[in-house]
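# return atomic coordinates for the entry below.
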Amino acid sequence: MKQDVLRMLKGLNFTEYEAKAYIALLEKSPMSGYAIALSSGVPRSKIYEVLNGLVERGEIFVSHEDPALYIPLPPQELISNRKRKADAAFDEASKCLEVFHATMQNRDNIWNIAGYDAIIGRIKDSIKRANSRVLLEIWKEDAEPLKDELHEVSATGVEITIVSYGDLDFDFADVYPHDSSDEITLEYGGRWVVLSVDDIEVVAGIVSLGEDSRAAWTMHPGLVMPITEVIVHDLYIMEMLKEHRSILESSFGPNLIELRKRFNIGPSGFTVATKLGLVK
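Predicted structure coming up:
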């Protein structure tokens, strides 16, 4: 238990000696500096330096008697003070860094993102900025980590439309399950994600290679428009299949397999993943 508290306090930027001294005072107070050193294990040569730092921050109190006695700031007050200071620091940082907003909105840049977690994190941040609509083409296992962010923006009136490879139960979104999820996963040897936010920002890439996954993030209009249209055209096809499946499949095979073969990479139907050397 004490080790958990020690780790928590260090997470709040207490030094190890500060955390040990504060815990000792929580367990028993008031105490003299000498007693705190004995109880906490903080070296006697360091204890008054440590206690003075805590006093200056208002996290312990000292009496004016001889010898001086110390008591801790109650834990809930400590947490409230730390939260208040952190909020003030974040507010100040937000104002100071606002000057760089225009730089980050540079629509000519194309940023490379490496690694699965970094790609998912970038997608989450983009979703949080949505004001009107989010278009997303994604596999079920990659959509689940985004559920909270998508649900949150949908509650503000943002329209969420998802082309899903695999059954996805997001009742706050318009979900279009792709008919050929298993076949396409096999054809291409992996999973990808395509995100368009408000038709001004996109993230697109392959996400099935763990730390070797790669994606691009951009607001470049020359890429945002065609990448957004990739999702829109898949939605067109799904609506046409819903209304005219028998006619289309009579011409192009079940789930339009013959059409996919016709326009797959190379005349012999090599997959994208094989071409890139990602699978054998």
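# over to the most centrally placed residue in the chain. Which of the three states is it?
Residue closest to the average C-alpha location in the chain (CA atoms, centre = their mean): residue 121, at 3.1 Å. Three-state call for residue 121 (DSSP: H, G, I helix; E, B strand; the rest coil): helix.
# any stretches of this protein with poor pLDDT?
Along the chain, segments meeting pLDDT under 70 span 1, 99-107, 179-189, 263-280.
# have a look at it and report its longest helix.
Ordering each helix of the chain by length in residues (DSSP state H) puts helix 221-252 first.
# which strands or helices does it pack on?
strand 133-139, strand 159-165, strand 174-177, strand 192-197, strand 201-206 (3 or more CB pairs under 8 Å, 6 or more residues apart in numbering; DSSP states H and E). For glycine as for every other residue, the C-beta is placed from the backbone atoms N, C-alpha and C.
# swap the cut-off to 7 Å and go again
Helix 221-252 sits against strand 133-139, strand 159-165, strand 192-197, strand 201-206, with contacts defined as 3 or more CB pairs under 7 Å, 6 or more residues apart in numbering; DSSP states H and E.
# A helix includes residue 208, no?
No. Residue 208 sits outside any helix when classified using three-state DSSP, being coil.
# give me phi/psi at it?
Here is the backbone geometry of residue 208 (degrees, to the nearest 10): phi -100, psi 10.
# OK, contacts around it?
Applying CB atoms under 7 Å, 6 or more residues apart in numbering to residue 208 gives the contacts 190, 191.
# what about it, distance to residue 190?
4 Å (CB to CB, to the nearest Å).
# next one: residue 140
Counting by CB to CB - residue 140 and residue 190 are separated by 15 Å.
# so the two - more neighbours on which side?
Between residue 140 and residue 190, counting by other CB atoms under 10 Å, residue 190 is the more crowded of the two (18 against 15).
# which helix or strand contains the residue nearest to residue 6 when sequence neighbours are not counted?
In space, and not counting its chain neighbours, residue 6 is closest to residue 19: 5.1 Å by CB to CB, 6 or more residues apart in numbering. Per DSSP states H and E, residue 19 falls inside helix 16-27.
# with only the CA atoms kept, save that helix in PDB.
The C-alpha trace of helix 16-27 is given here as PDB (Å, rounded to 0.1, in the frame of the first residue of the first chain):
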ATOM      1  CA  GLU A  16      11.300  10.300  -3.600                       C
ATOM      2  CA  TYR A  17      12.500  12.000  -0.400                       C
ATOM      3  CA  GLU A  18       9.600  14.500  -0.500                       C
ATOM      4  CA  ALA A  19       7.100  11.600  -1.000                       C
ATOM      5  CA  LYS A  20       8.600   9.600   1.900                       C
ATOM      6  CA  ALA A  21       8.500  12.600   4.200                       C
ATOM      7  CA  TYR A  22       4.900  13.400   3.300                       C
ATOM      8  CA  ILE A  23       3.800   9.800   3.800                       C
ATOM      9  CA  ALA A  24       5.500   9.700   7.200                       C
ATOM     10  CA  LEU A  25       3.600  12.800   8.300                       C
ATOM     11  CA  LEU A  26       0.300  11.300   7.000                       C
ATOM     12  CA  GLU A  27       1.000   8.200   9.200                       C
END
